[in-house]
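> sequence first, then the predicted structure:
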Amino acid sequence: MANILIGVSGGIACYKIPSLCRLFKKEGHDVKVILTDNASKFVTPLTFESVTGNRAYTGEFDPGLDPEIIEHIELAGWADKFIIAPATANTVAKAAQGIADNLLASTLLVYTKPAYFVPAMNTNMFNHPATQNNLRILAERGNILIEPDSGELACGTSGKGRMKEPEELFRLIEGERPLAGLRVLVTAGATVEPIDPVRYISNYSSGKMGLAVALKARELGAEVKIIAGSISADCSGFDTVRVKSAEDMLNAVKENIGSCDILIKAAAVADYAPVEAALQKIKKSEGELVIRLKKNPDILKEIAPLKKHSQVFCGFAAESENLNKNAIRKLNEKKLDMIVANDISRKDIGFGSDDNEADIFFADGSSEHFDKGSKKKLAELILIRAAGLLK
């Protein structure tokens, strides 16, 4: 059974948390609770102590504490899962910006695993750009966000911001993890091919799709490793191998491919590289500059012979024309189990966007369309389909 640490911040939804504690206790988990000062005004520490059978923690400098124990470090090390519920706008902002002015915030800074954040607040507070940016930061760091429901709120308004009921929270946190026990290797971002010490050939890939796959794979229970090229998304919290060139990425994939169950090849690898990179900065001069290019290795073709019968390989086809035809050709040439094809000529999806629209083609000749939606939703579909192909 697991050690469950619940951080309770000061919102009216606090009254639901003793029921959540009881659900975890009923399953045999050990539960401890940290309350902020405002949270303890809604529900007393004694209530949580009665439900959990453990002391409720409220401050870093409470009298009578064991001087040998530094509480925020002790609690962070103890917890298998750390759930912030309700997560108020204030606590979300502190967590995103690294502010540690109470026991809950300090413990979050020490905790090295993904934490669960359960926002609950007024609709306008939830939709405010600052709150949305803070939630985005937390998600990019690998934390798991449980979206609030829409409905009547305690403030008398109606809209998005109501915390889910304890039974649903318990199911989401404790429930099905279809990728548990699987190892997923994800490549993400763009490769960089140097021309000289200051110039290079690359592409517009942000790495957002690859990171969305990694985040969702971990949320679904998988052990995840990322091989990352040039990437604007935040990979902190993941086992990450950093690479620059296509050759670097090929070598990293070869080194790690044997230990994965599923490979999601979402990186945008440069097709060509300079034949020779100048050791010194190329000076501007009259006339044209001609750079001779060589073809980079095709990573998926190179690793095809290394594929085990028990593995699933998924590639991506970012195309600007003949989308389906080019994707199916790549699927067959590279001996993939599935390939995700998206149209990079559209400005509302693809490179740099948080959304995508794609067609997934499978080796058995079938296909599936994903209507425009978040990259995380597409990532979930990709992973569920890939897991379904495992032998």
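Perfect, thanks for sending it. Numbers count the residues shown, from 1 in each chain.
> okay, CA-based contacts and neighbour counts for the rest of this
OK.
> so residue 31, which of the three states?
strand (DSSP: H, G, I helix; E, B strand; the rest coil).
> tell me what it is bridged to.
residue 4 (DSSP bridges).
> give the contact list for residue 216.
Each residue near residue 216 by CA atoms under 8 Å, 6 or more residues apart in numbering is listed here: 376, 379-380.
> you'd agree it is in a helix?
Yes: counting by three-state DSSP, residue 216 falls inside a helix.
> distance of it from residue 303?
With distances taken as CA to CA, to the nearest Å, residue 216 is found 25 Å from residue 303.
> next one: residue 293
For residue 293, the distance to residue 303 - CA to CA - is 23 Å.
> again with residue 113
Residue 113 is 32 Å from residue 303, by CA to CA.
> pretty sure residue 86 belongs to a strand, no?
Yes: counting by three-state DSSP, residue 86 is found in a strand.
> now do it against residue 194, distance only.
48 Å.
> repeat that for residue 110.
From residue 110 over to residue 194 (counting by CA to CA), the distance is 38 Å.
> cool, residue 354 as well?
28 Å.
> who has more neighbours out of these two?
residue 194 (20 against 15; other CA atoms under 10 Å).
> pretty sure the more buried one sits against residue 244.
No: using CA atoms under 8 Å as the test, residue 194 is too far from residue 244 to be in contact (9.2 Å).
> domain map for this protein?
Domain assignment for the chain, taken from automatic domain parsing, gives 3-174, 183-388.
> any chance of those domains in a markdown table, with mean pLDDT too?
Shown next, in a markdown table, are those (pLDDT from 0 to 100):
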| stretch | mean pLDDT |
| --- | --- |
| domain 3-174 | 90 |
| domain 183-388 | 92 |
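> so what's the residue count around residue 4?
Using other CA under 10 Å, the number of residues around residue 4 comes to 20.
> where's residue 59 relative to residue 42, distance?
16 Å.
> equivalent analysis for residue 154, please.
From residue 154 over to residue 42 (counting by CA to CA), the distance is 13 Å.
> so what sits against both of the two?
With CA under 8 Å, 6+ apart as the test, residue 154 and residue 42 both reach residue 12.
> go through stretch 346-358 and flag the buried ones.
349-352, 355-358 (16 or more other CA atoms under 10 Å).
> closest to residue 38 out of these?
residue 355 (37.4 Å; CA to CA).
> residue contacts, that closest one?
Contact partners of residue 355, counting by CA under 8 Å, 6+ apart, are 348-349, 372-375.
> try 10 Å this time
208-209, 348-349, 372-378 (CA atoms under 10 Å, 6 or more residues apart in numbering).
> ditto for residue 291
Applying CA under 10 Å, 6+ apart to residue 291 gives the contacts 195, 273-277.
> which of those fall within strands?
273-274 (DSSP state E).
> select only the buried ones of the contacts of residue 291 in PyMOL?
The PyMOL selection below is limited to those of those classed as buried (16+ other CA under 10 Å):
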select buried, resi 195+273+274+277
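> just the closest of the contacts of residue 291 to residue 102, please.
residue 195 (50.0 Å).
> make sure the closest one is actually in contact with residue 273.
Yes: assessed by CA atoms under 10 Å, residue 195 is found in contact with residue 273 at 8.1 Å.
> overlap of the contact sets of these two?
Common neighbours of residue 195 and residue 273, using CA under 10 Å, 6+ apart, are 201, 291, 293.
> distance to residue 320 and secondary structure added to those residues, as a markdown table?
A markdown table is the format used below for the shared contacts of residue 195 and residue 273 (distance: CA to CA, whole Å; DSSP: H, G, I helix; E, B strand; the rest coil):
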| residue | distance to residue 320 | secondary structure |
| --- | --- | --- |
| 201 | 19 | strand |
| 291 | 25 | coil |
| 293 | 22 | strand |
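> and which of those is nearest residue 185?
Taking CA to CA as the measure, residue 201 is the one of the shared contacts of residue 195 and residue 273 closest to residue 185, at 25.3 Å.
> show me what the closest one bridges to in the sheet.
Under the criterion used (DSSP bridges), residue 201 bridges to residue 193.
> what residues are up against it?
By CA under 10 Å, 6+ apart, the neighbours of residue 201 are 190-195, 245, 270-274.
> please list the outside residues in contact with stretch 148-163.
11-14, 16, 85-87, 118-127, 146-147, 164-165, 169.
> and for stretch 294-309?
193, 245-247, 249-251, 253-254, 257-258, 260-261, 263, 265, 269-276, 313-315, 330-331, 333-336, 390-391.
> which among those residues end up buried?
Looks like the contacts of stretch 294-309 have 193, 245-247, 249-250, 253, 257, 260-261, 263, 265, 269-274, 313-315, 330-331, 334-336 buried, using 16+ other CA under 10 Å.
> list the buried residues in stretch 119-126.
119-123, 125-126.
> let me know the distance separating the nearest residue to residue 207 once chain neighbours are set aside from residue 221.
The shortest distance from residue 207 to any non-neighbouring residue, by CA to CA, 6 or more residues apart in numbering, is to residue 189 (3.8 Å). Distance of residue 189 to residue 221, given as CA to CA: 23 Å.
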